[in-house]
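J.: Following is a predicted model, sequence given first.
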Amino acid sequence: HDLQPLPSVVGPRHLGWHAGRARRGDAGRVAVDRQHYSQGASLGRGRKRGAELQAIGRSRGGRGTKIHLVVDGAGRILAFTVTPGQMGDLRPAHGLLANLPPPVFCAADTAYDSNGLRHFLLARGTTPVIPNNPTRKNPQPFDERTYRARNIIERTIGRLKDWRRIHTRYDKLAANFASAVAIAAILIGWT
């Protein structure tokens, strides 16, 4: 006879609402076996973040990283940056070129065709050698003969990809990957 009555967990007004909901079959309710209903780390709110900061992005071929380079006429890397794979080529171009002395010519591929980059180069006294994007309404003239020298960039990228650590990106952190690219750039320029 020492038992005491327990107070109700739900107030008397809300008890009917819970009972009625149980009768309806709880349509639209998610299974109770999951603690979190969205993708992400436990106790995290929403999706995982951090891949963007580590220059890992999703592109058509899967997860990847882009290396943006500025090279001289001999194929030596003057400046570089790493970005997520889905990022366009044009965004880091201003930052890479602004810290370097202005060259006479700047050869780049069609992905760098924009009025903003052309004006930036012309204001520095550099002649842009960039082919026109097929969607451009007002085509800009460019020297096709000078554009042939752009293969120096492609050969430098090929030499970078000879380094297995760079071409497969073993490093998780962007700082470690950029350090490996810097070491490879020094050794490529030295030889």
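T.: Received it, and whenever you're ready, just let me know what you need.

J.: Alpha carbons of stretch 88-95, as CSV, please.
T.: Below are the C-alpha coordinates for stretch 88-95, written out as CSV (Å, rounded to 0.1, in the frame of the first residue of the first chain):
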residue,chain,number,x,y,z
GLY,A,88,35.1,27.8,-63.0
ASP,A,89,38.6,28.7,-64.3
LEU,A,90,37.9,32.4,-64.5
ARG,A,91,37.5,33.1,-60.7
PRO,A,92,41.1,32.7,-59.6
ALA,A,93,42.6,34.3,-62.7
HIS,A,94,42.7,37.9,-61.4
GLY,A,95,44.3,36.9,-58.1
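
J.: pLDDT averaged over it, what's the number?
T.: Mean pLDDT, stretch 88-95: 85.

J.: cool, stretch 73-84 as well?
T.: 88.

J.: center of this protein, which residue is that?
T.: For the chain, the residue nearest the mean C-alpha position is P84 (1.8 Å; C-alpha atoms, centre = their mean).

J.: Distance-wise, check that residue relative to A123.
T.: As for P84, its distance to A123 is 29 Å (criterion: C-beta to C-beta, to the nearest Å). (C-beta placed from N, C-alpha, C; glycine too.)

J.: same question, T110
T.: Separation of T110 from A123 (C-beta to C-beta): 22 Å.

J.: Thank you kindly, that will do.
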